[in-house]
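**Student:** Pasting the sequence and the predicted model now:
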Amino acid sequence: MDDFALLDRSAHLSETADEVIRRCRLLAECTEEPGHITRTFLSPPMREVHRLVRHWMEEAGMRVSVDAAGNIRGVKGDGPRLMIGSHLDTVPHAGAFDGILGVVLGIALVGYALACPPIEVVGFSEEEGVRFGVPFIGSRALIADPVMDEPVLEAIRAFGLDPAQLPQAAIGDDVKAYLEFHIEQGPVLEEKKRPLGIVSAIVGQSRYDVTFHGMANHAGATPMNHRSDALAAAAHWIGAVEEIGSEEPDLVATVGRLEVEPGATNVIPGLVRASLDVRSASNFTRLEAVRNMLSAAAEMKNWRNVTATWEERLNQLAIDMDPSMAQALRAAAKAAGYKSHSMVSGAGHDAMILATKVPSAILFVRSPGGISHHPDETVLPEDVEAALAVGLRFLDTWSLS
Ligand code: GLV
Ligand code: MN
Ligand code: MN
């Protein structure tokens, strides 16, 4: 891999934005599936990601380490510091910018800023929850709430890290605030014709694994009224999830994964494993919707004799971002000559975990077409330049008190 131009004030900000985008696209080449961008928690391609990120962090003058949760962390300066971060894992068949942009942009800011407060940039190992069904494995270690499921610990060991060191990953009093740059992943900023968004709050999320237990049998010889078809029951339930999810304006619900057993054309499905993801800015609305969705699953017992069981994987409360950091970002955007828009994030972010410990803020970068979690996810170079300019202003004015 060739060397890259040092990102500093000798480069024009637009060149830095181009380099940030180039680096995001370079990291996208580190994938578990050729032809797609898929990189789950501590999977083999994360080693090459760490090699490149380490190189860029060192080039920006940072001291680099990898903690026991697999987060790569670069520190510049000593003493109380601002943390800038986002995640380096992806969903299956992802785009190149979700999470990655925030890490690469944070490093670029450290390299570019003439003088800045002490800064730690973190590339979180996991935020999406794809490999083990539990999201925020990286950021939870920083708030001293590490995920201790045995498969997660095993993956940590397999990557050459020591789970016994997880307590040392937690941040101390010297981390004063957390800032995340992230693509919006929705259509609001494009509709508003604003390059940047300032997040006021992040919606709460529930995630469940729901299993439908029917009975496999012969697809030709079993009359329709003798079946216990787990997939037909799951299909009926998904309709109910869509209906309940549409009952409130700020509620969303998704069944994103189905596994069917035994999975043959001529066998009635005996078992279906489904995922459920429910989000709302109102914890009450979200939890009530979840209750109704799970009772709709339980009702499938009366429909072709299919029972449902479930396991909660996540119950993450909605959380406000820090008003004074948001205000400082707004002022920085105005001073840099950019229009921003205050908004709630429907996507989850590492900031919602960090915000339980330190003042936290997110600056959104417009998502062309509102597309994310899709290979067509992209950013406009001028919007990345805007984020860099606002980030630099923020660093000039933000005081770590
Ligand atoms: C992360 O992308 C999430 O919101 O699920
Ligand atoms: Mn994502
Ligand atoms: Mn993300």
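**Tutor:** Yep, it's here. Ligands and ions are numbered 1, 2, ... in the order given.
**Student:** so where is this structure shaky, pLDDT-wise?
**Tutor:** Per-residue confidence for the chain (pLDDT under 70) gives these ranges: 1-11, 114, 400-401.
**Student:** Let me know the outermost residue of the chain.
**Tutor:** In the chain, the residue that sits farthest from the middle, by Cα atoms, centre = their mean, is Ala221; the gap is 46.5 Å.
**Student:** quick one: that one and ligand 1, what's the gap?
**Tutor:** Distance, Ala221 to ligand 1, using Cβ to the nearest ligand atom, to the nearest Å: 43 Å. C-betas here are computed from N, CA, C, even on glycine.
**Student:** And for Ala264?
**Tutor:** Here Ala264 is placed at a distance of 32 Å from ligand 1 (Cβ to the nearest ligand atom).
**Student:** To what extent is that residue buried, counted in neighbours?
**Tutor:** 11 (other Cβ atoms under 10 Å).
**Student:** And for the one 10 residues further on?
**Tutor:** Under the neighbour criterion other Cβ under 10 Å, Ala274 is assigned a count of 24.
**Student:** Apart from its chain neighbours, what residue comes closest to it?
**Tutor:** Excluding the flanking residues, the one nearest Ala274 by Cβ to Cβ, 6 or more residues apart in numbering is Val210, at 4.7 Å.
**Student:** Please identify which helix or strand holds that neighbour.
**Tutor:** According to DSSP states H and E, Val210 maps onto strand 204-213.
**Student:** how far does that strand sit from the chain's center?
**Tutor:** For strand 204-213, the separation from the chain centroid amounts to 18 Å (computed by Cα atoms, centre = their mean, to the nearest Å).
**Student:** likewise stretch 245-263?
**Tutor:** How far stretch 245-263 lies from its chain's middle: 19 Å, per Cα atoms, centre = their mean.
**Student:** mind listing what's buried in stretch 136-156?
**Tutor:** Going by neighbour count (16 or more other Cβ atoms under 10 Å), the buried part of stretch 136-156 is 136-143, 146-147, 152-153, 155-156.
**Student:** okay, how far is it across that stretch, tip to tip?
**Tutor:** The first residue of stretch 136-156 is 14 Å away from its last residue (Cα to Cα, to the nearest Å).
**Student:** How about residues contacting it?
**Tutor:** With contacts defined as Cβ atoms under 8 Å, 6 or more residues apart in numbering, stretch 136-156 is touched by 41-42, 67-71, 85, 87, 89, 122, 124-127, 129, 131-132, 134, 162-163, 166-167, 169-171, 316, 348, 350, 353-354, 356-357.
**Student:** Paired strands for the strand holding Val210, with orientation please.
**Tutor:** Taking DSSP bridges as the criterion, strand 204-213 forms sheet pairs with strand 271-280 (antiparallel), strand 307-316 (antiparallel).
**Student:** For it, output the C-alpha coordinates as CSV.
**Tutor:** The C-alpha trace of strand 204-213 is given here as CSV (Å, rounded to 0.1, in the frame of the first residue of the first chain):
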residue,chain,number,x,y,z
GLY,A,204,-34.4,4.5,21.3
GLN,A,205,-34.1,1.0,19.8
SER,A,206,-35.4,-2.5,20.7
ARG,A,207,-33.9,-5.5,19.0
TYR,A,208,-35.2,-9.1,19.4
ASP,A,209,-34.6,-12.5,18.0
VAL,A,210,-38.0,-14.1,17.4
THR,A,211,-38.3,-17.8,16.6
PHE,A,212,-41.4,-19.5,15.1
HIS,A,213,-41.6,-23.2,15.9
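**Student:** Which element is encountered next along the chain beyond it?
**Tutor:** Downstream of strand 204-213, the first helix or strand assigned by DSSP H and E is strand 217-218.
**Student:** quick one: contacts of that following strand?
**Tutor:** For strand 217-218, contacts defined as Cβ under 8 Å, 6+ apart pick out 226-228, 266-268, 270.
**Student:** How about the residues of the stretch 251-400 of the chain by ligand 1?
**Tutor:** The stretch 251-400 of the chain comes close to ligand 1 at residues 347-348, as judged by Cβ under 6 Å from any ligand atom.
**Student:** What are the boundaries of the strands in the stretch 251-400 of the chain?
**Tutor:** In the stretch 251-400 of the chain, the strands defined using DSSP state E, counting those that start in this stretch lie at 252-254, 258-261, 267-268, 271-280, 307-316, 319-320, 340-345, 360-365.
**Student:** So which bits of the first one are buried?
**Tutor:** Right, the one you point to is strand 252-254. Quick answer for strand 252-254 (16+ other Cβ under 10 Å): 252-253.
**Student:** quick one: strands adjacent to that strand?
**Tutor:** When pairing is defined by DSSP bridges, strand 252-254 lines up against strand 271-280 (antiparallel).
**Student:** how distant is the partner strand from the center of its chain?
**Tutor:** Centre-to-centre, strand 271-280 and its host chain are 17 Å apart (Cα atoms, centre = their mean).
**Student:** What of stretch 347-360?
**Tutor:** How far stretch 347-360 lies from its chain's middle: 11 Å, per Cα atoms, centre = their mean.
**Student:** Can you report how many residues lie near Asn315?
**Tutor:** Asn315 has 15 neighbouring residues, counting by other Cβ under 10 Å.
**Student:** is it true that it touches Ser206?
**Tutor:** Yes: between Asn315 and Ser206 there is a contact under Cβ atoms under 8 Å: 5.6 Å.
**Student:** circling back to that earlier point, among the contacts of strand 217-218, name the buried ones.
**Tutor:** Neighbour-count burial (16+ other Cβ under 10 Å) applied to those gives 227-228, 268, 270.
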